[in-house]
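Visitor: sequence first, predicted coordinates after that:
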Amino acid sequence: MFKPNLWQIPTIAHPVQQQLAHKTEILIERLKQIAERHQTAKFASSLAVEDMLITDLIAKCGIPIEVFTLNTGRLNPETLALLEQVEQRYPNLTLQRYFPQAAAVQAYIHTQGENAFYHSVEQRQQCCFIRKVEPLNRALQAADAWLSGQRRDQSVTRAELPFSERDQARRIAKYNPIFDWSERDVWAYILHHQVPYNRLYQQGYPSIGCEPCTRPVKVDEDIRAGRWWWENKDSKECGLHTQSA
């Protein structure tokens, strides 16, 4: 049976390795500046490699930025296993977990169907709102700033991503501290510092979300092609970031 060549963790070239220390120093300063500017800055970690990089620096450098993650209830076993690894790796880091409202999940399943997100963009976004956006809103209620692990070269919807922006919906500041890091930059840090990462990356998953909405991608595909693969590439956001401006 034919098996396509899947995406693989990138090989890190020497020039990327040479620049890593300098880029890391800049990133540490960015994180410290964010913490100094705000009374309660929070980092939303999806446990992706980008977020593991930021979490590693927050923990190692003792930067006063709270870290939390959203457990949607539809995560891969590999993602849940990584969550346990993170808590073991960083015993001094308090990783808050937020879950969707059980009543809202049950109402969606009852009225729409458990996997209704495959039927339309609207139904998928409704599911994302229940499982991601609403828990994020609760997580950020007491925050005056939040951080993401987004990068410019992840997708066409993020090509103009700035370092700092205003989250108009929540009326707080938002930061994308690795907006200018490449995929190879991120992996250079992860591999050099032996930071734990989701084992799905070894199975051809360059971008990982909920289990039914994520699949491996081929070597010649966009790295986010496996997210909501049944939709147009211009609609591939869950709503966590699209309300910021």
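Guide: Looks like it arrived, so ask away.

Visitor: phi, psi of the residue most central in space within the chain?
Guide: Nearest to the geometric centre of the chain sits residue 46, at 3.9 Å (C-alpha atoms, centre = their mean). As for residue 46, its main-chain torsions (degrees, to the nearest 10) stand at phi -90, psi 0.

Visitor: wait, it sits on residue 147?
Guide: No - applying C-beta atoms under 8 Å as the test, residue 46 and residue 147 come out as separate, 11.9 Å apart. Placement of C-beta: from N, CA and C, glycine included.

Visitor: ok, residues contacting the lengthiest helix in the chain?
Guide: Looking across the chain with DSSP state H, the single longest helix is helix 14-37. Helix 14-37 is contacted from outside by 41, 54, 57-58, 61, 63-65, 145, 147, 163, 173, 175, 177-178, 181-182, 184-185, 188-189, 192, using C-beta atoms under 8 Å, 6 or more residues apart in numbering.

Visitor: any of those buried? List them.
Guide: Among these, the ones that count as buried by 16 or more other C-beta atoms under 10 Å are 41, 54, 57-58, 63, 65, 145, 147, 173, 175, 177-178, 181-182, 184-185, 188-189.

Visitor: pLDDT weak spots in the protein?
Guide: 1-2, 155, 234-245 (pLDDT under 70).

Visitor: could you pull out the helices for it?
Guide: All helices of the chain, identified by DSSP H, fall at 14-37, 49-61, 77-89, 102-111, 121-128, 134-139, 183-192.

Visitor: can I get the fifth one as CSV, trimmed to CA atoms?
Guide: This points to helix 121-128. The C-alpha trace of helix 121-128 is given here as CSV (Å, rounded to 0.1, in the frame of the first residue of the first chain):
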residue,chain,number,x,y,z
VAL,A,121,-17.3,26.4,9.3
GLU,A,122,-20.0,27.9,11.5
GLN,A,123,-20.6,24.6,13.4
ARG,A,124,-16.8,24.1,13.8
GLN,A,125,-16.4,27.6,15.1
GLN,A,126,-19.2,27.0,17.6
CYS,A,127,-17.4,23.9,18.9
CYS,A,128,-14.2,25.9,19.1
